[in-house]
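[1] 3D model of this:
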Amino acid sequence: MSLRLDEIGFGKLKIFQNPEEFCYGVDAVLLAGFAAEGAAKRQCRCRIMDLGTGTGIVPLILSHKTEASLIGGIEVQENSYRLAVKNAQYNDLTERVQFFHGDVKEFSHGDWAGTFDIVTSNPPYTEGAGGIESSNKAKAIARHESTASLDDFVRTAANLLKDKGDFYMVHRPSRLVDICESCRRHRLEPKELCFISGKPFERANIILIHCTRNGNPQLRILDPLFVHNEDGSYSQQILKLYEKLP
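    Predicted coordinates for the structure are as follows:
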């Protein structure tokens, strides 16, 4: 395993990644920022769980952006799980940030049911039989619903959340109908939706969605977000997200 140690741009946090497998992208940073805004509104030291955590990037960022008392992460791939544990140890976060090895389906019930204020997820975007699957097994699992489906992630999130707890997910616009149908079926009411594009006036290729367990039915469409300006530089929204602007 050829590891790379990267600064993630939040405080002094660093992350070990294997470039031959799956490295995090802007999707994870967008998700962490979205969930951190929700955590700030709660004004408490909440408990957070991240489903499909990879090497732990979302919990690491949330440890910087929130006052959460516990931030957990569940990961099915053993190599990624071990790196997540290593990352928590390297950044001296083991008292607040903890990782668990296993399929998200295994955590739907049990002692954790109904104990989390916030659940986050950056799940595989492509349905199991859809798209062209990577020959790299680690990348294939991260991108395709080969071990757990969208509905599995939603069901586990619903079961882990307290009543009125919040679920934050990043996904693709093409799966929006599937997401809303699954969330409502599992009593997660869509409350906020944000469309994200590469540049202004381009078609959105990412969505952020916020749902509340047993929430009242009312969906608010947030202002769209774009990653780059037309000249290719990062937008003010992204620079603020990365804490490069006040």
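
[2] and the helix ranked longest in the chain, what does it pack against?
    Looking across the chain with DSSP state H, the single longest helix is helix 26-42. In this structure, helix 26-42 packs against helix 57-65, strand 116-121, strand 161-171, strand 206-213, helix 236-241, with contacts taken as 3 or more Cβ pairs under 8 Å, 6 or more residues apart in numbering; DSSP states H and E. For glycine as for every other residue, the C-beta is placed from the backbone atoms N, C-alpha and C.

[3] residues contacting the helix or strand following the fourth one, please?
    Later in the chain than strand 206-213, the nearest helix or strand by DSSP states H and E is strand 220-221. When contacts are defined by Cβ atoms under 8 Å, 6 or more residues apart in numbering, strand 220-221 is touched by residues 191-195.

[4] in its sheet, what does strand 220-221 sit against?
    Paired with strand 220-221 in the same sheet, following DSSP bridges, are strand 188-197 (parallel).

[5] starting at the chain centroid, how far to the partner strand?
    Here strand 188-197 is found 14 Å from its chain centre; the criterion is Cα atoms, centre = their mean, to the nearest Å.

[6] read off the pLDDT value for the residue lying closest to D103 once chain neighbours are set aside.
    Of all residues not flanking D103 in the chain, V76 sits nearest, at 5.0 Å (Cβ to Cβ, 6 or more residues apart in numbering). The model reports V76 with a pLDDT of 95.

[7] what about A35, distance to S174?
    Distance of A35 to S174, given as Cβ to Cβ, to the nearest Å: 22 Å.

[8] same drill for those two, tell me which one is more crowded.
    Counted by other Cβ atoms under 10 Å, A35 and S174 do not tie: A35 has more neighbours, with 29 against 13.

[9] now stretch 41-49 - C-alpha only, CSV.
    Only the C-alpha atoms of stretch 41-49 are listed here, as CSV (Å, rounded to 0.1, in the frame of the first residue of the first chain):
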residue,chain,number,x,y,z
LYS,A,41,-28.2,25.3,14.7
ARG,A,42,-28.6,22.6,17.3
GLN,A,43,-26.4,24.5,19.8
CYS,A,44,-25.5,21.3,21.6
ARG,A,45,-22.6,18.8,21.7
CYS,A,46,-24.4,16.4,19.4
ARG,A,47,-23.6,12.8,18.3
ILE,A,48,-22.9,12.3,14.6
MET,A,49,-22.5,9.1,12.5
